Each structure stands twice: as C-alpha cells, then as structure tokens.
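J.: what follows is a predicted protein model with its sequence.
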Amino acid sequence: MEQALFDELVQSLKEAKAIARGEAPASRRIKVAPPDVRAAREQIGLSQSEFARLMRVSVKTLQNWEQHRRNPTGPAAALLKIVLTSPDVALKTLHA
C-alpha cells in the first residue's frame with residue numbers, strides 16, 4: 001500500500017474516533033425518516049389485519065410500526081414506500 005494512502009486512512013480513523021467521542025462534529029449527517037405506516041394503510045383503506053396480511057407481517061408488528069415502537073427496515077420499508085407512492089400499483093401487484 002502506498003504511504004500516502006495509508007496516511008490518509010489513518011487520518012480518517014482518527015477523525016472517526018474523535019467524532020464518536022463527541023470531540024469533533026461529523027462532516028455530514030444523513031437522517032432517513034421511517035415511512036408513515038398508518039398513513040400508508042389508511043391511504044389504501046385496509047384494516048390492520050388486512051394490511052398486516054398484505055405485508056406478510058403479524059398484526060403486532062404492524063401495530064408496533066404504527067405506534068413508533070419499532071420501525072420497518074429493509075424490504076418492508078421499501079414496500080411501504082411503494083405503497084405510499086403508488087398504492088394502486090402496489091395493491092395490484094401484491095394481490096396478483
């Protein structure tokens with residue numbers, strides 16, 4: 001490894017350590033808001049049990065999402081984004 005690249009990596013690690021300790025501000029911070037599960041469900045007019053079945057999760061999981069005790073992640077979050085953006089397409093596809 002080139003010395004310049006190695007020195008750059010070491011400097012990056014030192015900066016990360018300082019940020020983690022609160023000694024330096026992060027250069028940028030990205031915050032991704034979780035999808036509004038209740039709004040998605042109400043937008044397509046389904047009950048909690050119907051929407052949970054559609055999403056292939058338990059009703060309890062759906063309730064935790066709606067009450068912000070937990071947040072959907074991964075494929076569930078992506079599917080909720082599709083439901084919010086194009087509910088007709090999502091319903092048509094999921095019911096096929």
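T.: Nice, thanks for sending it over. Numbering: from 1, shown residues only.

J.: from here on, contacts and neighbour counts on C-alpha atoms
T.: Fine.

J.: list the contacts of residue 80.
T.: By C-alpha atoms under 8 Å, 6 or more residues apart in numbering, residue 80 lies in contact with 35, 37, 40.

J.: of the residues you listed, the lowest pLDDT goes to which?
T.: When the contacts of residue 80 are compared on pLDDT, residue 35 comes out lowest, with 88.

J.: residue 79 is in contact with that residue, correct?
T.: No - using C-alpha atoms under 8 Å, residue 35 is not in contact with residue 79; the gap is 9.8 Å.

J.: report the residue spans of the protein with pLDDT below the cut-off.
T.: 1, 96 (pLDDT under 70).

J.: domain parsing for it?
T.: 1-29, 37-95 (automatic domain parsing).

J.: pick the most deeply packed of those domains.
T.: Each of the domains of the chain was scored by mean neighbour count; the highest is domain 37-95, a mean of 15, by mean count of other C-alpha atoms under 10 Å.

J.: could you find the closest non-adjacent residue to residue 37?
T.: residue 66 (5.5 Å; C-alpha to C-alpha, 6 or more residues apart in numbering).

J.: what sits against that neighbour?
T.: For residue 66, counting by C-alpha under 8 Å, 6+ apart, the contacting residues are 36-38.
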